[in-house]
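Peer 1: here is my input; please provide its structure:
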Amino acid sequence: MARLHEFQGKALLAEHGINVPRGRAVRSAEQARTVAEEIGGPVVMKVQAWTTSRKAQGGVVFAKTPEEAAGHGEKLLSMTFGSFPVAEVLVEEMLDITHELFVSMSIDDAAQAPLLLLDCAGGSGIEDRAATVTRLPVSATDGVDADEVRRTVEASQIDKSLHDELVDVICRIVDLGRTLEARSMEVNPLVTTGDGRIVAADCRMAIDDYAVFRHPELGIEIARELDHPATDLERLAYKMEENDHRGTFYFAQLPTAGAGDSRGLIGFHGAGGGGSMMSMDAVTNEGFAIANFCDTSGNPSVAKVYRAARVILSQPGLVGYFGSGSGVASQEQYHSAYGLAKAFIEMQLAIPAVIRLGGNSEDRAVAILDAASRMVPATIEGYRKDDTPAFCAQRFRTLVEESGGRPDGMTRHVPEFVNSNTAYSFPITGGTVWIDHDRCDRDAAGPIIEHSADLLELNDAGKPVLAASEEDVANKDSELIACEIECLRAGKPVIFVDLAIPGLDDSA
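Peer 2: Below you'll find the predicted structure:
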């Protein structure tokens, strides 16, 4: 579920005719002072972070004066939640609350229908009062029955003069959730105030991932559930997934607080959910901290695995690269091996890597990784399905300990013939293929033709050229990257698939 911050949800509530506290989100201490001055009274300040128990963690504070608000703002904006910095703080008027209600619309998976949870004694501790919560069905087309909402409200201790408006506000909340195709929409508490207002004092919204594309007005960057605002790398990775639907590519950066007490920070690359979880447990049991979770499965293209590896390697401070999944039955592992090999060779891998590619064509996959290990400064070891995640993690620990260092970073290496006037080239989706005709003698041309899957042929001068139209080869990155790696294994580095990544490669 793609989440919205509290201030974003409240803006939507306000647009839907529902009162919210006066105030707005700020990004600096001075802005916090200004908002407090505009409100002209005590304010509540809340970090905008996707976490529970914000108040218990010091993320909710109160200020009586603008000066106090500025001081709190500076402190709150220096906080981190799960290693991710707070970017915004919501500064709002302090409400004179007389009554609290719990209002939550969500999807009842068992009934396969929306459901309204309503409790006229809302606020904190609602989880402990499940028996008192009224459950009302919600029609996907007509919303909630206002008469049923009214019966619940009338059974409460709330001032009767507010009942009509309360029923209307609750129905509006449900209607907004339906309009936005929300999986979850919680206003806790919805409050009545001493001056007779009904106000949404807090708000949490999560939109169905598969509905996000229908709601560009929400500005959701990544249609996936994250526990933090999307990082630059997560945005970049999600864009890659949007542009290539061959297999899946999921990437999320993880909290790294306490990584300094571990054996080091590592990049993690999984394939298949269950096996990936087992492998993450195995490598953390060896004392490592994991910088990210990544999954490429469902028969991903070679280019997708390559790009995933590049994203993982772009994270600073890594001491190793650990790849392991479940050996997905339908997945040809040599495709992943080619993508990993290209990334490792291109970046001249300087940290040890252990890759478990068990399953179909595992022997071929391990052979590709073994060959790549001879072309980079670091050690790469490939393993099969009979090699357990625990064994691979133990071997990984040994290699990291033997490597004895933390490289400052790795630089992408591109052959000199790329962009040369004498090189032969043609476009593919997301990049360009380059062939060094100057160095492409008969010995070098042989491996190219042999491994090109009939996409290339020799011209009259004995040089490799396209055997098909550019349109026919546009999505043949898997075959062409395989050709590049096989030519490298043959000692003939005369073909290069240039898949520069905007955001990682400055010249892209």
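Peer 1: ok, Q394 to G264 distance?
Peer 2: Distance, Q394 to G264, using CB to CB, to the nearest Å: 15 Å. Heads up, the C-betas are built off the backbone N, CA and C, glycines and all.
Peer 1: neighbour-wise, which of these two wins?
Peer 2: A direct count of neighbours by other CB atoms under 10 Å for Q394 and G264 places G264 higher, at 20 against 15.
Peer 1: nearest residue to that one in space, please, no chain neighbours.
Peer 2: Leaving aside its sequence neighbours, G264 sits nearest to V319 (CB to CB, 6 or more residues apart in numbering; 3.3 Å).
Peer 1: what's the helix or strand for the residue nearest the centre of the chain?
Peer 2: Here the mean C-alpha position of the chain is nearest to the C-alpha of A252 (CA atoms, centre = their mean), at a distance of 3.9 Å. Per DSSP states H and E: A252 is located in strand 248-253.
Peer 1: next one: that strand to chain centre, how far?
Peer 2: Offset of strand 248-253 from its chain centre (CA atoms, centre = their mean, to the nearest Å): 6 Å.
Peer 1: so what secondary structure elements neighbour the helix ranked longest in the chain?
Peer 2: Ordering each helix of the chain by length in residues (DSSP state H) puts helix 163-180 first. Helices and strands touching helix 163-180, by 3 or more CB pairs under 8 Å, 6 or more residues apart in numbering; DSSP states H and E, are helix 6-15, strand 97-108, strand 113-119, strand 143-144, helix 146-154, strand 182-193, strand 198-200, strand 204-207.
Peer 1: okay if I get the ones you listed as JSON lines plus mean pLDDT?
Peer 2: What follows is the helices and strands packed on helix 163-180, written out as JSON lines (pLDDT from 0 to 100):
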{"stretch": "helix 6-15", "mean pLDDT": "96"}
{"stretch": "strand 97-108", "mean pLDDT": "95"}
{"stretch": "strand 113-119", "mean pLDDT": "94"}
{"stretch": "strand 143-144", "mean pLDDT": "95"}
{"stretch": "helix 146-154", "mean pLDDT": "96"}
{"stretch": "strand 182-193", "mean pLDDT": "95"}
{"stretch": "strand 198-200", "mean pLDDT": "98"}
{"stretch": "strand 204-207", "mean pLDDT": "94"}
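Peer 1: what's near enough to touch the residue nearest to G264?
Peer 2: R263, G264, L265, I266, F288, I351, V400, S403, R406 (CB atoms under 8 Å, 6 or more residues apart in numbering).
Peer 1: domains in this structure, as residue ranges please.
Peer 2: Following automatic domain parsing, the chain resolves into domains at 22-93, 97-214, 232-403, 424-498.
Peer 1: where exactly do the helices run in this structure?
Peer 2: 6-15, 29-39, 66-76, 146-154, 163-180, 232-243, 273-285, 302-313, 333-346, 362-373, 389-403, 442-450, 470-473, 477-489.
Peer 1: hmm, who's touching the second one?
Peer 2: Looking back up the chat, that one is helix 29-39. 22-24, 26, 43, 45, 63, 65-74, 77, 89, 91-93.
Peer 1: hey, what's the closest residue in space to L466 that isn't next to it in sequence bridged with?
Peer 2: Closest residue to L466 apart from its sequence neighbours, by CB to CB, 6+ apart: F426 at 5.6 Å. Beta-bridge partners of F426, counted by DSSP bridges, are V433.
Peer 1: which residues touch F426?
Peer 2: Applying CB under 8 Å, 6+ apart, the residues near F426 are T432, V433, L466, E470, V473.
Peer 1: tell me the spacing between it and W434.
Peer 2: 9 Å.
Peer 1: before we move on, what about E186?
Peer 2: E186 is 54 Å from W434, by CB to CB.
Peer 1: now do R442
Peer 2: 20 Å.
Peer 1: which of these two has more neighbours?
Peer 2: In this view R442 and W434 are compared by other CB under 10 Å, and W434 has more residues nearby, 22 against 8.
Peer 1: any idea of the pLDDT on the more buried one?
Peer 2: At W434, the model reports a pLDDT of 98.
Peer 1: surely it and D498 touch.
Peer 2: Yes: taking contacts as CB atoms under 8 Å, W434 lies within contact range of D498: 6.1 Å.
Peer 1: can you list residues touching both of these two?
Peer 2: V418.
Peer 1: thinking again about what came up before, E165 is nearest to which of the helices and strands packed on helix 163-180?
Peer 2: Nearest of the helices and strands packed on helix 163-180 to E165, taken as CB to CB: strand 198-200 at 5.6 Å.
Peer 1: quick revisit: ok, the residue nearest to G264 to I495 distance?
Peer 2: Applying CB to CB to V319 and I495 gives a distance of 33 Å.
Peer 1: what about T296, neighbour count?
Peer 2: 30.
Peer 1: in this structure it contacts V305, no?
Peer 2: Yes: using CB under 8 Å, T296 is in contact with V305, at 5.1 Å.
Peer 1: so what sits against both of the two?
Peer 2: S336, G339.
Peer 1: what number of residues lie near the closest residue to D209 other than its chain neighbours?
Peer 2: Spatial nearest neighbour of D209, excluding adjacent residues (CB to CB, 6+ apart): A223 at 4.5 Å. Neighbourhood size, A223 [other CB under 10 Å]: 18.
Peer 1: over to K160?
Peer 2: Neighbours of K160 (other CB under 10 Å): 9.
Peer 1: also the one 5 residues further on?
Peer 2: Counted with other CB under 10 Å, the neighbours of E165 add up to 14.
Peer 1: now for the closest residue to M240 other than its chain neighbours: which residues touch it?
Peer 2: Nearest in space to M240, with sequence neighbours left out and distances taken as CB to CB, 6+ apart, is R307 at 5.1 Å. R307 makes contact with M240, F249, G339, L499, I501 under the criterion CB under 8 Å, 6+ apart.
Peer 1: what distance do you get for R307 to V199?
Peer 2: 47 Å.
Peer 1: from G58, how far out is T80?
Peer 2: 11 Å.
Peer 1: likewise I485?
Peer 2: 51 Å.
Peer 1: in terms of neighbours, single out the busier of those two.
Peer 2: I485 (25 against 11).
Peer 1: pretty sure the more buried one is touching A341, no?
Peer 2: Yes: if you go by CB under 8 Å, I485 and A341 touch, sitting 5.2 Å apart.
Peer 1: need the overlap of contacts for those two.
Peer 2: I368, A371, A372.
Peer 1: show me the contacts for the nearest residue to the first one once chain neighbours are set aside.
Peer 2: Right, I368. Once flanking residues are discounted, I368 sits nearest to A337: 4.0 Å by CB to CB, 6+ apart. With contact set as CB under 8 Å, 6+ apart, A337 has these partners: I355, L357, R364, A365, V366, I368, L369, G382.
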